[in-house]
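Participant: I need the structure of the sequence given here:
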Amino acid sequence: MLFLLALSLPVFAAPDPPPKGNSGAGRTPPIELHVGIRDLVYIGQPLADLVKKFPGARVLPFSGQDDAANVRIAEAGISCIAVGKPGDLKVASIGFNLDGVYEGMAETPYRTGKGIGKGSTVNDLLEAYGQPFEVLGEQPRGALHKSVPIESPSVPKMYQYKNEDGGVKTFFLIQDHLVRRVVVNDLQPLDQHVVKGRPKK
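Facilitator: Below is the predicted model of the structure:
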């Protein structure tokens, strides 16, 4: 399973009250499941176009590879992985930081088309999008490993939704009953360039 952007990013526990019924319509374009934000940052977008739209984006090679790059758009709370032929990379994974600021990465101003964003709860998510096709938990590491059961609300869980053919999956990272991140992954190019493309140890 591929959870490229969520597992490397910390989550936070001090939420603001949820802005009920506020989808951000009229102020910012919506995040669409399995797409991203149309005409702004989306699956299949050429990296050059993304950087043109976000001149402050920081682009770094992924694990030293020339066919994959990490992209951080700190002021917009967006992180991406772009993959493909060297010099012709396209966005294959997009993460939106919905709740919490860290390491210079802001909270994103964007919400999903159904209003899921900062302050949204797991119940809001289920009401908006229904039951996910699977829920995966991230077992805590180190000293917390034995003291926090996987069922605990403090353990991050990924509520996964997939498109019709299963080739693109969108998941929401939930912790303490709140939605912290949303990530869209295009599985085939990620598998080809990131999972299989990583240098052998």
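
Participant: residues contacting residue 101?
Facilitator: residue 107 (Cβ atoms under 8 Å, 6 or more residues apart in numbering). C-beta coordinates here come from the backbone N, C-alpha and C atoms, glycine included.

Participant: Output the contacting helices and strands for the helix or strand of the chain with the lowest mean pLDDT.
Facilitator: Using mean pLDDT, DSSP states H and E, strand 134-137 stands out as the lowest-scoring helix or strand of the chain, at a mean of 89. The elements that strand 134-137 packs onto, with contact taken as 3 or more Cβ pairs under 8 Å, 6 or more residues apart in numbering; DSSP states H and E, are strand 157-162.

Participant: Please save the CA atoms from the strand it packs on in PDB.
Facilitator: Only the C-alpha atoms of strand 157-162 are listed here, as PDB (Å, rounded to 0.1, in the frame of the first residue of the first chain):
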ATOM      1  CA  LYS A 157      -5.700   6.200  10.700                       C
ATOM      2  CA  MET A 158      -6.100   6.500   6.900                       C
ATOM      3  CA  TYR A 159      -9.700   6.400   5.500                       C
ATOM      4  CA  GLN A 160      -9.200   5.400   1.900                       C
ATOM      5  CA  TYR A 161     -11.500   6.000  -1.100                       C
ATOM      6  CA  LYS A 162     -10.700   4.900  -4.600                       C
END
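
Participant: What are the contacting residues of it?
Facilitator: With Cβ under 8 Å, 6+ apart as the test, strand 157-162 has contacts from 3, 6, 33-34, 122, 125, 129, 132-138, 168-175.

Participant: Mind listing the strands that strand pairs with, and their directions?
Facilitator: Paired neighbours of strand 157-162 in the sheet (DSSP bridges): strand 134-137 (antiparallel), strand 168-175 (antiparallel).

Participant: Cool, thanks, talk later.
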